[in-house]
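Undergrad: quick one: sequence and predicted model below, then my questions.
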Amino acid sequence: MTQPPEETQKKKSNLYRFKNTAASSGLGNSIFQKYADEETTKILNALKILVSNQYDKEQGSTVKKNIVKIVIKVLLLYEDKQLEAENFQEIYALFRKICALIKNTYYRELTKLTKGPLDKQSAMRISEFGEEMEGNLITLLSKFVSPKTQQRIHVIFGYLKNVDFVTQSFSDPIFSQIVIVLAYYLDKYPPTL
């Protein structure tokens, strides 16, 4: 016996609402830990420390929690076949550009004979890529996520778009862990999805 379309839609809606709620709970964090590889865990912990060093521990914890919530929501949308890998092609390309720019800039800065702050031009390019990536991600997810989640995305990318934050990050010792993981991502994952 098949169910009427509205019943099927209602069940899907209830299931998605349950999963969406779970994404913001301890269950969501457990799901994330199950799927996150060691490198992703390292980069999130390093980012938490980096934000804590420049601002405070509460902001560092909040940024990590918000990233986990957003990733879980994206995974659920992907699992429910509401999004496919092709939907992320532009975002993935921008992510790779950001990874490459940060890695190359970091290693260039390491080889300088005289150390100084990161040049503003490099920090501005990283910031511009971050702004473009944020716009693409919000556009992609806007019909699936709440304004609160969109605000979380905006806040997270706010750090990447903040030229002073990016500049100071390059001189923080924890930043080397982030660069190592970004370099790993560039080597491990192909240029296209």
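TA: Yep, it's here.

Undergrad: mind checking the SS state of the residue nearest in space to the middle of the chain?
TA: Centroid-nearest residue in the chain: Ile67, 5.8 Å away (criterion: C-alpha atoms, centre = their mean). Using DSSP: H, G, I helix; E, B strand; the rest coil, the secondary structure recorded for Ile67 is helix.

Undergrad: list the residues that contact it.
TA: Residues near Ile67 by C-beta atoms under 8 Å, 6 or more residues apart in numbering: Leu44, Leu47, Ile156. The C-beta positions use only the backbone N, C-alpha and C, and glycine is treated the same way.

Undergrad: and for Leu47?
TA: By C-beta under 8 Å, 6+ apart, the residues touching Leu47 are Gly60, Val63, Lys64, Ile67, Ile178.

Undergrad: out of the contacts of Ile67, which comes closest to Glu79?
TA: Taking C-beta to C-beta as the measure, Glu79 lies nearest Leu44 of the contacts of Ile67, at 20.8 Å.

Undergrad: quick one: the closest one and Asn66 touch, right?
TA: No: using C-beta atoms under 8 Å, Leu44 makes no contact with Asn66, being 10.7 Å away.

Undergrad: quick one, which of the two is more surrounded?
TA: Leu44 (20 against 17; other C-beta atoms under 10 Å).

Undergrad: so for the helix or strand hosting that one, mean pLDDT?
TA: According to DSSP states H and E, Leu44 maps onto helix 38-54. Helix 38-54 comes out with an average pLDDT of 94.

Undergrad: list the buried ones in that helix?
TA: 40, 42-44, 46-54 (16 or more other C-beta atoms under 10 Å).

Undergrad: check these and tell me the two furthest apart.
TA: So for the buried residues of helix 38-54, where distance means C-beta to C-beta, the most widely separated pair is Thr40 and Gln54, at 21.6 Å.

Undergrad: so which strand or helix has the residue lying closest to Val68 once chain neighbours are set aside?
TA: Using C-beta to C-beta, 6 or more residues apart in numbering and skipping residues adjacent in sequence, the residue nearest Val68 is Phe32, 4.8 Å away. Per DSSP H and E, Phe32 falls inside helix 26-35.

Undergrad: before we move on, what about Val71?
TA: Using DSSP H and E, Val71 falls in helix 57-79.

Undergrad: could I get the CA-only coordinates of whichever helix or strand comes after that helix as CSV?
TA: The helix or strand immediately downstream of helix 57-79 is helix 89-110, counting by DSSP H and E. The C-alpha trace of helix 89-110 is given here as CSV (Å, rounded to 0.1, in the frame of the first residue of the first chain):
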residue,chain,number,x,y,z
GLN,A,89,32.2,22.6,-7.6
GLU,A,90,32.7,26.4,-7.4
ILE,A,91,33.1,26.4,-3.6
TYR,A,92,35.6,23.5,-3.8
ALA,A,93,37.6,25.4,-6.4
LEU,A,94,37.7,28.5,-4.2
PHE,A,95,38.7,26.3,-1.2
ARG,A,96,41.6,25.0,-3.2
LYS,A,97,42.7,28.5,-4.2
ILE,A,98,42.6,29.6,-0.5
CYS,A,99,44.6,26.5,0.6
ALA,A,100,47.2,27.1,-2.1
LEU,A,101,47.5,30.8,-1.5
ILE,A,102,47.8,30.3,2.3
LYS,A,103,50.3,27.5,1.9
ASN,A,104,52.4,29.3,-0.7
THR,A,105,52.4,32.6,1.2
TYR,A,106,53.3,30.9,4.5
TYR,A,107,56.2,29.1,3.0
ARG,A,108,57.4,32.3,1.2
GLU,A,109,57.2,34.1,4.5
LEU,A,110,59.3,31.4,6.2
